[in-house]
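**Student:** Predicted model, plus sequence, below.
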Amino acid sequence: MLDQHGPTGPTITTLTLDSRQAGPGTVFFALRGTATDGHEFIAKAVEQGAAVVVCEELPADVSPATTYVLVADSAQAMALMAAEFYGHPSKEMHLVGITGTNGKTTCATMLHKLFRELGYHCGLLSTVQNQIDEQVIASTHTTPDAIRLNALLAQMLNASCTHVFMEVSSHAVVQHRVTGLHFAGGVFTNLSHDHLDYHGTFDAYLKAKKGFFDMLPKSGFALSNADDKRGAVMLQNVTGRRELYSLRGHGEFRARLLENAVHGLHLEIEGREVQFRLIGVFNAYNLLAIYGTAVLLGEDPTEVLTVLSGLTSAPGRFEPVVSAKTRITGIVDYAHTPDALENVLQTIADIRQPSQQVITVVGCGGNRDGAKRPIMARLAAELSDRAVLTSDNPRFEDPNDILAQMQTGVPAAALGKVLTIADRREAIKTAVALAQPGDIVLIAGKGHETYQEIKGIKNDFDDKQVLREMFELLGK
Ligand SMILES: CC(=O)N[C@H]1[C@@H](OP(=O)(O)OP(=O)(O)OC[C@H]2O[C@@H](n3ccc(=O)[nH]c3=O)[C@H](O)[C@@H]2O)O[C@H](CO)[C@@H](O)[C@@H]1O[C@H](C)C(=O)N[C@@H](C)C(=O)N[C@H](CCC(=O)O)C(=O)O
Ligand SMILES: Nc1ncnc2c1ncn2[C@@H]1O[C@H](COP(=O)(O)OP(=O)(O)OP(=O)(O)O)[C@@H](O)[C@H]1O
Ligand SMILES: N[C@H](CCC[C@H](N)C(=O)O)C(=O)O
Ligand SMILES: [Mg+2]
């Protein structure tokens with residue numbers, strides 16, 4: 001705290017970062033955002049009766065009935081105060097954070113399932129949903145803001161949760177959403193191209209992810225992917241236990257890929273051969289990270305592998321929708337980065353029969369990293385027999401502009417196998433129409449999402465449901 005003005009010892013009942021939620025007993029945190037500056041709404045919060053304003057700059061007019069707390073960084077102050085306000089719930093549980101470009105939801109969700117089966121009460125904070133045991137609480141972000149996050153952790157503690165698994169996004173690290181939390185461990189999956197619109201450079205993106213590992217306490221563990229180029233850097237400044245996992249033979253947790261087939265992965269993990277239900281080499285990494293985490297949390301390796309072998313993945317992650325009549329296999333997957341799309345298409349290439357065509361439907365989100373657009377279109381064109389470029393969540397951009405940027409990535413030689421259809425429903429319909437019995441139709445980018453966001457409105461849209469509708473409509 002730099003300075004304080006106004007009454008001391010006000011009664012505080014709630015914390016908020018949004019002036020519209022402020023009222024008597026509220027502490028309003030004025031945050032400098034990306035679209036606007038919370039300092040502009042201080043007067044509004046005070047007018048609505050806020051008891052305290054935490055800010056980086058005092059407004060010209062201060063109200064005598066309000067306490068103003070001047071800080072160097074409002075976001076950081078908010079996170080520290082939120083942890084304090086809710087009684088530091090993270091200190092009373094084993095909180096594990098997962099960071100990386102891809103695989104966070106898969107690892108967090110499966111860790112939650114695993115620890116439930118092992119008999120614990122557990123919490124989950126993820127892109128798809130938050131959970132307290134089996135109770136689902138809708139999620140709005142991959143990592144919620146510090147106030148909501150601490151409130152959820154307190155709720156989980158209240159429900160006797162001993163373990164909580166959460167995703168830590170790079171935005172969350174930069175915006176101090178996880179500052180002040182006490183982590184039992186941190187897991188790094190991988191780093192590839194994403195969110196450069198927000199972070200500016202790849203180095204800044206890496207720094208954000210690493211910032212999470214740097215804050216892990218000495219009592220905690222850090223588990224990193226030895227086979228990722230940035231796996232070792234992530235561990236550089238970790239003061240607690242550092243471990244690596246690898247499919248190439250380095251580190252504490254090692255696995256060997258025996259088979260990657262349509263019915264699942266067959267791995268050898270520390271001398272034990274185990275069959276899993278997940279498909280794809282990238283999932284071998286996720287499974288190994290989950291296994292390592294569970295062992296580092298003190299669980300019995302054999303029991304962990306036994307339970308893990310029976311578990312399915314997170315919703316919308318390589319989820320099959322098979323037509324009963326023609327055995328066309330639809331695969332709905334949340335691949336929305338070049339790396340994820342390449343992995344999924346490579347996985348399909350590994351497990352498909354030579355007679356099966358692969359038809360890919362993919363788009364790129366609006367108001368997000370534009371640099372990934374041509375790359376994702378190129379990958380779809382090169383690694384599929386046919387590709388249909390379409391819209392993801394256009395948000396406030398014109399879908400045709402996004403598609404024009406995607407098209408620049410399609411190599412001239414592949415132009416003949418690529419169609420562009422802005423309407424996602426029509427695009428899926430066309431892909432199904434093109435499919436012959438037994439073919440594979442990949443619908444990438446939206447996975448579990450049940451909406452399509454256009455100009456601030458979330459319209460109902462579920463890739464899985466649309467696929468089923470199209471099988472029905474086209475008699476396939
Ligand atoms: C780019 C980004 O991260 N934005 C987040 C950020 O909002 P912002 O900086 O744009 O806020 P702003 O609109 O400029 O407003 C500044 C401040 O003024 C306040 N305000 C504003 C208006 C008003 O009338 N009164 C008022 O007090 C706002 O509450 C805010 O505190 O802070 C908000 C509060 O925490 C977040 O809800 C918001 O997430 C937006 C909705 C978002 O889409 N975020 C995405 C990019 C995101 O965070 N994604 C990651 C996952 C990415 C991944 O896949 O890895 C995530 O963790 O979900
Ligand atoms: N370990 C991995 N390496 C590379 N790609 C992966 C990995 N795990 C999953 N994927 C791919 O990335 C997609 C997203 O996976 P997941 O939802 O688990 O990642 P995430 O890190 O939570 O993403 P987000 O940043 O949107 O929260 C999956 O649908 C799959 O295509
Ligand atoms: N958490 C990611 C999800 C992207 C999902 C994709 N469907 C899109 O809308 O771009 C983000 O907010 O960037
Ligand atoms: Mg996620």
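**Tutor:** Perfect, I can see it now. Residues are numbered from 1 along each chain as shown. Ligands and ions are numbered 1, 2, ... in the order given.

**Student:** Flag every residue of the stretch 251-400 of the chain that's near ligand 3.
**Tutor:** His336, Gly365, Arg368, Asp392, Asn393 (Cβ under 6 Å from any ligand atom). Quick note: C-beta positions are derived from backbone N, CA and C, even for glycine.

**Student:** before we move on, what about the stretch 51-200 of the chain?
**Tutor:** Thr127, Thr142.

**Student:** and the gap between Val307 and Ile290?
**Tutor:** 10 Å (Cβ to Cβ, to the nearest Å).

**Student:** For the two, indicate the residue with more neighbours.
**Tutor:** Ile290 (26 against 17; other Cβ atoms under 10 Å).

**Student:** count of neighbours near Gln84?
**Tutor:** Rather than Gln, residue 84 is Glu. So Glu84, with other Cβ under 10 Å, has 11 neighbours.

**Student:** what's near enough to touch it?
**Tutor:** Contact analysis of Glu84 by Cβ atoms under 8 Å, 6 or more residues apart in numbering lists Gly180.

**Student:** so where does it fall, helix or strand?
**Tutor:** Element membership for Glu84, per DSSP states H and E: helix 74-85.

**Student:** Contacts for the very next helix or strand once past that helix next, please.
**Tutor:** Next in sequence after helix 74-85, counting helices and strands by DSSP H and E, comes strand 94-99. With Cβ under 8 Å, 6+ apart as the test, strand 94-99 has contacts from 104, 107-108, 111, 153, 162-170, 173, 178, 181-189, 209, 212-213, 289, 293, 297.

**Student:** can you rerun that using 6 Å?
**Tutor:** The contact list for strand 94-99 (Cβ atoms under 6 Å, 6 or more residues apart in numbering) reads 104, 107-108, 163-168, 183-188, 209, 212, 297.

**Student:** so which of the residues you listed also contact ligand 2?
**Tutor:** Lys104, Glu167.

**Student:** mind saving the C-alpha coords of the longest strand along the chain as PDB?
**Tutor:** When the chain is parsed with DSSP state E, its longest strand is strand 253-261. What follows is strand 253-261, C-alpha atoms only, in PDB (Å, rounded to 0.1, in the frame of the first residue of the first chain):
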ATOM      1  CA  PHE A 253       8.400 -40.100 -15.100                       C
ATOM      2  CA  ARG A 254       9.000 -42.000 -18.400                       C
ATOM      3  CA  ALA A 255       6.800 -43.900 -20.800                       C
ATOM      4  CA  ARG A 256       7.200 -45.800 -24.000                       C
ATOM      5  CA  LEU A 257       4.600 -45.800 -26.700                       C
ATOM      6  CA  LEU A 258       3.700 -49.400 -27.600                       C
ATOM      7  CA  GLU A 259       0.700 -48.700 -29.800                       C
ATOM      8  CA  ASN A 260      -1.400 -45.700 -30.900                       C
ATOM      9  CA  ALA A 261      -4.600 -47.300 -32.300                       C
END
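
**Student:** Count the neighbours of the closest residue to Lys209 other than its chain neighbours for me.
**Tutor:** Among residues not flanking Lys209 along the chain, Thr99 sits closest, at 5.1 Å (Cβ to Cβ, 6 or more residues apart in numbering). Using other Cβ under 10 Å, Thr99 has 29 neighbouring residues.

**Student:** bridging residues for Thr99?
**Tutor:** Phe188 (DSSP bridges).
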